[in-house]
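Undergrad: Output the structure for:
(one chain, ligands or ions: 4)
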Amino acid sequence: AKARGKACYQVFENHMHEMLLDRLDQEARLREAVHRGELRLHLQPVVDVASREVRGVEALVRWEDPERGLQQPGSFIPLAEETGLITEIDRWVLNEACRTMREWQETSPATAPAWVSVNLSAANLEVPDLTDRVAYALASSGITPDGLVLELTETVLMRDIEVTAGRLEELRELGVNIAIDDFGTGYSSLGYLRDIPVDVLKVDRSFITGLAGHRRQQELVSAILQLGHTLGLKVVVEGIETEEQLDLLIALGGRFAQGYHLGRPEPVASLRARLATVTAG
Ligand code: C2E
Ligand code: CA
Ligand code: CA
Ligand code: CA
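TA: Ligands and ions are numbered 1, 2, ... in the order given. This is a model prediction of the structure:
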C-alpha cells in the first residue's frame, strides 16, 4: 500500500509539473502574441432598439494562436490578468479600435458607428500613464474623444473609490466616456454612482436571462433603466438573444441593446460588409 501511495504521488507530481510547464509555455507565447501581431479585433454592434440601427460597437479581443487557432478571451484573459500582460493587450485593443473607427468614418461615414467601446481590466488603473495612453490613442487616430467609451466593471470601480474617481476624472477631461460594465453584478451599494463620473451603464446579461415570464425581474430591469435615464446616462442592455427579449426590453423603456440576436462579435471587415449591404438594400 505504501508503494502504491508513492506511485500515486509520483503521478500527481508529474501532472503538476506538466501543468506548470504548460502554463509557463502559454504565458511565454501570450507575451509574444502582442509583438507578433497575433491579436485580433472583433466588434459587436450596440443597437438603438427603436430604429434597429447600429449606433456603437464594442471591441472584443481574440488571440490567433498559431498552435491552437482562434482563442476566445475566456481562455487567455485570466492568465493575462494574473501576469500583468493585460495592460499591454488592452493598450493594443485601444489603439486598434481607435484606428479602425477613424478609417471606417473616413471611408464609409454613412455606416460608421458613432462610438467604439473598449474594455479596461483593473490593472489599467494602476498604470501611471493610463491617461497619456488614451490621449495618444485619440491623437494618433484622430477620432473625436466623444466617440470613445472606456468600459470598467463594477468590481473594479468599487476597489478604492477615491483613487478611482480621480483617475476617471482625468480621463474624462480628455472628453472620453466612462461605462460601468456588468452593471448589477457587484455587491456593494450604489454609492459609486454618486462618487464616480459615469456616462454609460451596461446592464449585465444575467438580468435578461429568463426575463420573459418573470414579472419581478422585469420590474427590476425597468427600475434600472429609469435610474440610469434619470441620472442622464445611456443605458445599454446586454445579452439580448431573442426577439421576445427585445420586445420586452422596448416595452420596459430600453433604448440601447447588445446581444447575439442583434449581432455577434465578428471581425471588422465582415461587420463592415454586412452593414454596407443593409444600408444599400
Ligand atoms: P464583456 O465585456 O461583458 O463582453 C461581453 C461578452 O458577452 C462577450 O464575450 C460577448 O461575445 C458576449 N455576448 C454578447 N452578446 C451575448 C449574448 O447575447 N449572449 C451571450 N451568452 N453572450 C453574449 P467575449 O468576447 O468572449 O468576452 C468575454 C469577456 O472577456 C468580456 O466580457 C470582457 O470581460 C473580457 N474581454 C474581452 N475583450 C477584452 C479586452 O480587450 N480587454 C479586457 N480587459 N477584457 C476583455
Ligand atoms: Ca464589456
Ligand atoms: Ca458586460
Ligand atoms: Ca464581463
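Undergrad: Any idea what the residue nearest to the spatial centre of the chain is bridged to?
TA: The centre of the chain sits closest to Asn119, judged by Cα atoms, centre = their mean, with a distance of 3.9 Å. On the basis of DSSP bridges, Asn119 is bridged to Glu151.
Undergrad: quick one: it and Arg91, what's the gap?
TA: 12 Å (Cβ to Cβ, to the nearest Å). For every residue, glycine as well, the C-beta is placed using N, CA and C.
Undergrad: Ok, Gln226 next?
TA: Distance from Gln226 to Arg91, by Cβ to Cβ: 37 Å.
Undergrad: Of those two, which one has the most company?
TA: Shown here are Gln226 and Arg91; by other Cβ atoms under 10 Å, Arg91 has more neighbours (20 against 13).
Undergrad: Report the rounded mean pLDDT for the helix or strand hosting the more buried one.
TA: Applying DSSP states H and E as the criterion places Arg91 in helix 86-107. Across helix 86-107, the average pLDDT comes to 98.
Undergrad: Just the C-alphas of that helix, formatted as CSV.
TA: Only the C-alpha atoms of helix 86-107 are listed here, as CSV (Å, rounded to 0.1, in the frame of the first residue of the first chain):
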residue,chain,number,x,y,z
ILE,A,86,-3.4,42.5,-19.8
THR,A,87,-2.3,46.2,-19.8
GLU,A,88,-0.4,45.6,-23.0
ILE,A,89,-3.3,43.7,-24.6
ASP,A,90,-5.7,46.5,-23.6
ARG,A,91,-3.4,49.1,-25.0
TRP,A,92,-3.2,47.2,-28.3
VAL,A,93,-7.0,47.0,-28.4
LEU,A,94,-7.4,50.6,-27.5
ASN,A,95,-5.2,51.8,-30.4
GLU,A,96,-6.5,49.3,-32.9
ALA,A,97,-10.1,50.2,-32.1
CYS,A,98,-9.5,53.9,-32.5
ARG,A,99,-7.5,53.4,-35.7
THR,A,100,-10.3,51.2,-37.1
MET,A,101,-13.0,53.7,-36.3
ARG,A,102,-11.2,56.5,-37.9
GLU,A,103,-10.6,54.6,-41.0
TRP,A,104,-14.3,53.5,-41.1
GLN,A,105,-15.5,57.0,-40.5
GLU,A,106,-13.3,58.4,-43.3
THR,A,107,-14.1,55.7,-45.9
